[in-house]
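Q: What follows is a predicted structure for the sequence shown.
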Amino acid sequence: MENWQNQKSYIKTFAEDECAISTNNLSVFYGGTVQKLFDVSLGFKKNTITALIGASGSGKSTFLRSLNRMNDRVARVDGSIMFHNLDVNQSKINVYELRKAIGMVFQKPNPFPKSIRENITYALKANGQQNKKKLDQIVEESLRAAALWDEVKDKLDQSALALSGGQQQRLCIARAIALKPEILLLDEPASALDPVSTAKLEDTLKQLRKKYTMVMVTHNMQQASRISEYTAFFHLGHALEYDTTTNIFTNPQGEITEKYIQGSFG
Amino acid sequence: MAKKEQDLQQVVENAIAEQKVPHVKFKGIDPKNIDVDRLTKPSKETRQEWWGRGLTFLAIILIGMLIVAIIGFVGMHGLATFIDNKVNIFHFLFSTDWNPGAGKNHVGAAAMIVTSFAVTLLAALIATPFSIAVALFMTEYESGKRVQLLQSVMELLVGIPSVVYGFIGLMVVVPAVRTIFGGTGFGILTATLILFVMVLPTITSLTVDAFKAIPKDLRKSSSALGATKWQTIYHVVLRAACSRIMTAIIFGMARAFGEALAVQMAIGNAVLMPYNLVSPAATLTSQLTSQMGNTVMGTLPNNALWSLALLLLIMSLVFNFLVHLIGKKS
Amino acid sequence: MNAKKTNRIATGVIYFLVGVVILLLVGILGNILISGIPHLSWHFLSSASSSFEAGGGIRDQLFNSLYLLLLTLIISLPIALGAAIYLAEYAPDNWFTQLIRTTIEILSSLPSIVVGLFGYLLFVVQFGFGFSILAGALALTFFNLPTLTSNIEEAIKGVPQTQREAGWALGLSNWKTIHGIVLPAALPGIITGVILSAGRVFGEAAALIYTTGQSGSTVDYSNWNMFSPTSFLNIMRPAETLAVHIWKVNTEGIIPDVNVVSAATSALLVIVVIIFNFGARALGNWIYKRLTAAKIK
Ligand SMILES: Nc1ncnc2c1ncn2[C@@H]1O[C@H](COP(=O)(O)OP(=O)(O)OP(=O)(O)O)[C@@H](O)[C@H]1O
Ligand SMILES: [Mg+2]
C-alpha cells in the first residue's frame, strides 16, 4: 500500500489576478455520495498551457469537466471555482454563458454529423450571429488557427464525418475557438491520433497559447514536457503536486510523483 | 529499435516542417473580454431550456392523464352494474346465467371468463414449445441470413392485422375443424389455433432476447466440460433464461386475452359454459365486440358489458403486474 | 452414449417444430396473397363498396384508412416525440419517472377494444362527436402513443452521449442540443419507428368499430370543404376502414362475394404491412447514409 496520505502536497500558487481560473477545495461526488475528487485547489495562469497528469482514474477528467460545469447532471460538485472574481460553481450561474467562455475539446473527436462549415457555425448561429460574411470569416480564421484550413478549404460543405480522426479533432478545436472562449479545456485531445496528427495538434496548441489559457489532460509525458509550462499531478482524486513542468519532470518533490514520472517515461 | 524511433521522430519533424501553420491572425475570433454580467443573468438558452422541458413534460402529463381517464371512465361504468343496478359481484363472477336484459339476477359472466382464460391458456400452451424451439434455432443452432429471414417473417406476422387472422380462421380453420370434429367449426379450438399463431411471434421474439442476453462464456464452459449441445441448452441456457421466458409467455397471454376481432370471428359467440372445445362459445372480448352496439347507454345490459370491459382492464393490469413481479424476482 | 442420443432426439424435435412453424408462416402468407392478389384489380380499388350485391370495391375504405392514418400520425407524433424526448433526455431517475414508465407500459398492453370503447365513451358519447373520423383518430392515437413513444425513445437513446456533450460544451441549451443535434442524428431511427407504428395503426380495427363506426356515409371526392358533411375531408363523418370492412362483411355476411372482397382486402392490408415493414428499415438506412455521407447538400 502506498502511504500517499503522508506525502505533503506541493502545490504552486499564483496571485489571484494572474489566474484565468482557479479552484478552491473542489470536491466531486458521483451519484451524490461517492467522492472521487478531494479538495483540489489549483490556479491556472493566464496564457499558459497546464498539463494534468496522473494514473487512469485519478480524477483528471472529473476535475476538468467540473470547470465548465459539464458534471452538473451526473455529480455534486462542492467548493468554489473562481473565474473573473466570480464563483461560477453556484446554481445561479448561467452555465450556457459560462461554457461559451470556457471551451472544451474531448478525448474522442465528436464532430456533428453536419458539414464542416456547419460544425463551426452551428453554435454561432444559435447565438444569433447570422451575418454570412462574418460567419465565413470566423470559419476561415478558426480553421486556420486549428491548422486545418489548408486541408479542408475546398470541401467546407462536405460532411465532417468524412475527415480523418486527426482532422476531426482539429475541427473540434476550431469549433471550440470559434466561440472566442478565454479558456480551452482539453481532455486527452491527442489520444486518438497518429504521431503526425499529434504533432500538428501540438503545434496548433502552441500557436494558440498566445491567446488562450489552456488546461490539458494527457497521458503522454513527452507531450506534457513538450508543450506545457505547468503540470499538475493527480493521484486517487487528490492534486498532489503542481509546479512548472520542468520542476515536475526533473525534480519532483513527492515520492509518488517521482515514481509515476519515472514509470511513465520508463 | 532505436532506429525505428529515430525514423518516427524524423517523420514527425518533417510533418511539422511541412505544414504551413500560418501566422494565426485572430481578428474575427480574437478572444474578447467576456461580459461577466452575463454569467449571472438568464439568457436565451435559459428560456429555451424552460420551454423545452415544459413542453415535453406536458406530453408526459398528457399520457399520464390518459391512462387515469381510461381507468376512471371504464371503472365508473363497469362498477355501475354493481352499484346502481345492485348486481351481486359474486353472482357476476361465478354464475353462468347471462341474460342481462332479464334483470339483475341474470348477469353471470362466468362462461365468458372461463372461455377467455381457456383460449388464452391453451394458445400459450401450444405456442410455448414452438416459440422456444424457434428461439433456440435462431440463437443456438443457426446464424446469419436464414435467421434474419425467419426473424423478418416473424416480425411481419406481428404486423398482420387481427381481422386478417380472423378471416383466415374463417376460411381455413373453421372448415377444417368442422370436417374433423363435426359441429359448426366455431368454438374454443378454432379461436385457440388462431391465437396460437398470433402470440407465436410475440413469445418467440422475447424468448430470443432472453437467450441472447445469456453470456457466451456460460455456454462455452459447459461445452468445455464435455456436455452435449442439448445438455448445455437444457442445463444452462433454458435455466438461465427461465424467468424471461415466463415473462415472454405472459406477454403472449396478455395479447391473447385482449384480442377481440379474430376471436370474435371464430368462436361462435354463444354465451354458454363451454363443455367441449368445438362448441360455440364467447369470450369477454367477443361479447363486447358483438353486443356493445346493441345496447342502450345507462341500461343494465349496457352496464354489464362495461363490467366485462373493466374485467379486461383489470386482467391487463394483472398481466403487467406479473411481468414486474417476475422481473423483480430474478 | 445416452447423452448423445438425447441430444440427437432433442435436435430432431427442435428442427421438426421449427419446420412446422416455417410451414405455417409460408402457408399463412401464401394463402393470403395467393387468394387475394388475383382479385386486386384497379376496378376493385377504385369503386365504391356495395352493401348487398356482389362486385363492390373498397375505394372509400382505402381512402378512409389512409386519411385516418394521416390524422392519427399528426396527432400522435408531437405527443410521442415530446414524451420520448422527456424520457430520454430530461427524466430524472426517480419514482415519478418510474411511475410514468409503468403507465406507458400499461397503456401499451391495454386491449385495443378497451381503448376503442374508452374512445367511444369519451368522444362519441360524452363529447357528442358521434361516430366520426376524429373520434377514431383519437382512439388510434391512444393505441399508438405507447409504441411510438418507446420507438422514438430508443432511437434518441441510440445517439452517442458524446454528441450531446459536444453541444453542451459549446454553450448550447439542452433543448437546442436535442432538436438541433440529437434529433437529426436520431432521425433514421425515428422514421423507422413511425412507419412501423403506422403499419399497426393501418390494420387496427377493434379500436375503430365503436369510434369511426361500422359504415361510411356517402362522400364526395370533389368537395374540398372540410366542414361540409359530404366532403371526403370532413373529420366529423363516420367512416369505415379496410380492416373494419373485412370484419363487417364477414360478421354480417350479406354480400354474396364476402370471400372475394375479404381475401382481396386482406391481401392489400398485408401488402401494405410488408411495404411498411421493409420500407421502414430501408428508408431509415437510406436517410442514415445521406446524413453521414461525404456529401451534404
Ligand atoms: N459518471 C460517473 N459516474 C460515476 N463515477 C464516475 C463517473 N465518471 C468517472 N467516475 C469515476 O471517477 C473516478 C475518476 O474518473 P476520471 O474519469 O476523472 O479519471 P481520469 O483521471 O480522467 O482517468 P483516465 O485517465 O482514464 O481518463 C474513476 O474512479 C471513475 O470510475
Ligand atoms: Mg479521463
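A: Received the coordinates, thanks. Ligands and ions are numbered 1, 2, ... in the order given.
Q: Could you find the closest non-adjacent residue to C:A243?
A: C:A205 (3.7 Å; Cβ to Cβ, 6 or more residues apart in numbering or on different chains). (Each C-beta comes from the backbone N, C-alpha and C, glycine too.)
Q: count of neighbours near that neighbour?
A: For C:A205, the tally of surrounding residues (other Cβ atoms under 10 Å in any protein chain shown) stands at 30.
Q: Is it in a helix, a strand, or coil?
A: C:A205 falls in the coil class when you classify it by DSSP: H, G, I helix; E, B strand; the rest coil.
Q: State the distance from it to chain A.
A: Counting by Cβ to the nearest Cβ, to the nearest Å, the gap between C:A205 and chain A amounts to 41 Å.
Q: Over to C:S228?
A: In terms of Cβ to the nearest Cβ, C:S228 sits 45 Å off from chain A.
Q: Give me the pLDDT value at that residue.
A: Looking at C:S228, its pLDDT stands at 81.
Q: That one looks like it's in a helix, true?
A: No. Going by three-state DSSP, the assignment for C:S228 is coil, not a helix.
Q: can you give me the strands in the stretch 101-250 of chain B?
A: Using DSSP state E, counting those that start in this stretch, no strands are found in the stretch 101-250 of chain B.
Q: Find the closest residue to chain C in it.
A: When scored by Cβ to the nearest Cβ, the stretch 101-250 of chain B has B:P161 as its residue closest to chain C, at 2.7 Å.
Q: right, and that residue touches C:A267 too?
A: No. Using Cβ atoms under 8 Å, B:P161 is not in contact with C:A267; the gap is 11.7 Å.
Q: In terms of neighbours, single out the busier of the two.
A: For B:P161 versus C:A267, neighbours defined as other Cβ under 10 Å are more numerous around B:P161 (27 against 21).
Q: what sits against the spatially closest residue to the more buried one that is not a sequence neighbour?
A: Distance criterion Cβ to Cβ, 6+ apart; nearest residue to B:P161, sequence neighbours excluded, is C:G203 at 2.7 Å. Going by Cβ atoms under 8 Å, 6 or more residues apart in numbering or on different chains, C:G203 touches B:G159, B:I160, B:P161, B:S162, B:V163, B:V164, C:L242, C:A243, C:L269, C:V272, C:V273.
Q: For stretch C:250-268, list every residue counted as buried.
A: Going by neighbour count (16 or more other Cβ atoms under 10 Å in any protein chain shown), the buried part of stretch C:250-268 is C:250-251, C:255, C:257-268.
Q: is it up against chain B anywhere?
A: Yes. Using Cβ under 8 Å from any Cβ of the partner chain, stretch C:250-268 reaches chain B at C:N250, C:T251, C:N259, C:S262, C:A263, C:S266.
Q: same deal with stretch C:138-158?
A: Yes. Using Cβ under 8 Å from any Cβ, stretch C:138-158 reaches chain B at C:F142, C:L145, C:P146, C:T149.
Q: which residues touch stretch B:296-308?
A: Stretch B:296-308 is contacted from outside by B:74, B:77-82, B:84-85, B:87, B:92, B:100-101, B:103-104, B:107, B:109, B:112, B:284, B:287-288, B:291-292, B:295, C:117, C:125, using Cβ under 8 Å, 6+ apart.
Q: Can you give the contact residues for stretch A:226-234?
A: Residues contacting stretch A:226-234 (Cβ under 8 Å, 6+ apart): A:12, A:42, A:44-45, A:48-55, A:58-60, A:63, A:202, A:205-206, A:216, A:224, A:239-245, A:248-249, A:252, A:254, A:257, A:260.
Q: Only whichever of these are buried, select them in PyMOL.
A: Those of those that count as buried under 16+ other Cβ under 10 Å are selected in PyMOL with:
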select buried, chain A and resi 12+42+44+45+48+49+50+51+52+53+54+55+58+59+60+63+202+205+216+224+239+240+241+242+243+245+248+249+252+254+257+260
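Q: Okay, and which of the contacts of stretch A:226-234 map to strands?
A: Applying DSSP state E to the contacts of stretch A:226-234, the entries found in strands are A:44-45, A:49-54, A:216, A:239-244.
Q: what residues go with each domain of chain B?
A: Following automatic domain parsing, one finds the domains of chain B at B:2-87, B:101-329.
Q: got CSV for those domains, with distance to C:S41 and mean pLDDT too?
A: Shown next, in CSV, are the domains of chain B (distance: least, Cβ to Cβ, whole Å; pLDDT from 0 to 100):
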stretch, distance to C:S41, mean pLDDT
domain B:2-87, 42, 77
domain B:101-329, 19, 90
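Q: Just name the most buried of those domains.
A: Scoring these by mean neighbour count under mean count of other Cβ atoms under 10 Å in any protein chain shown gives domain B:101-329 as the most buried, with a mean of 20.
Q: How far does that domain sit from its chain's centre?
A: 11 Å (Cα atoms, centre = their mean, to the nearest Å).
Q: which parts of the stretch 51-200 of chain C sit against chain A?
A: Going by Cβ under 8 Å from any Cβ, the residues of the stretch 51-200 of chain C near chain A are C:160, C:162-163, C:165-173, C:176, C:180-181, C:184-185.
Q: ok, of those residues, which come out buried?
A: The neighbour-count test (16+ other Cβ under 10 Å) marks C:163, C:165-173, C:176, C:180-181, C:184-185 as buried among these.
Q: can you list contacts of stretch C:95-112?
A: With Cβ under 8 Å, 6+ apart as the contact definition, stretch C:95-112 has outside contacts at B:60, B:63-64, B:66-67, B:70, B:251, B:254, B:257-260, B:285, B:312-313, B:316-317, B:319-320, B:324, C:83, C:87, C:91, C:142-143, C:145-147, C:149-150, C:204, C:206-207.
Q: Of these, which belong to helices?
A: Mapping the contacts of stretch C:95-112 onto helices (DSSP state H) picks out B:60, B:63-64, B:66-67, B:70, B:251, B:254, B:257-258, B:285, B:312-313, B:316-317, B:319-320, B:324, C:83, C:142-143, C:145-147, C:149-150.
Q: Tell me the one of the residues of stretch C:138-158 next to chain B nearest A:Y122?
A: C:T149 (27.9 Å; Cβ to Cβ).
Q: residues touching the closest one, list them.
A: With Cβ under 8 Å, 6+ apart, C:T149 has these contacts: B:I63, C:A80, C:A83, C:A84, C:L87, C:I104.
Q: Tell me the confidence at the residue of the stretch 1-150 of chain C found nearest ligand 1?
A: Proximity of the stretch 1-150 of chain C to ligand 1 (Cβ to the nearest ligand atom) peaks at C:D93, 12.5 Å away. C:D93 is assigned 85 on the pLDDT scale.
Q: hang on, the earlier thing: wait, the residue nearest to C:A243 sits on C:N250?
A: No. Contact criterion Cβ under 8 Å: C:A205 and C:N250 do not qualify, at 11.1 Å.
Q: hang on, the earlier thing: now do the same contact list for the residue of the stretch 101-250 of chain B closest to chain C.
A: Contacts of B:P161 by Cβ under 8 Å, 6+ apart are C:F202, C:G203, C:E204, C:A205, C:A243, C:L269, C:V273.
Q: C-alpha coordinates for the helix or strand harbouring the fifth one, PDB please?
A: Under DSSP states H and E, the secondary-structure element containing C:A243 is helix C:242-252. Taking Å, rounded to 0.1, in the frame of the first residue of the first chain, the C-alpha atoms of helix C:242-252 are listed here in PDB:
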ATOM      1  CA  LEU C 242     -60.300  -1.500 -44.700                       C
ATOM      2  CA  ALA C 243     -59.800  -3.600 -41.600                       C
ATOM      3  CA  VAL C 244     -63.300  -2.800 -40.200                       C
ATOM      4  CA  HIS C 245     -64.700  -3.600 -43.700                       C
ATOM      5  CA  ILE C 246     -63.200  -7.100 -43.600                       C
ATOM      6  CA  TRP C 247     -64.700  -7.600 -40.100                       C
ATOM      7  CA  LYS C 248     -68.100  -6.200 -41.100                       C
ATOM      8  CA  VAL C 249     -68.600  -8.100 -44.300                       C
ATOM      9  CA  ASN C 250     -67.700 -11.300 -42.600                       C
ATOM     10  CA  THR C 251     -69.900 -10.900 -39.500                       C
ATOM     11  CA  GLU C 252     -72.800  -9.500 -41.400                       C
END
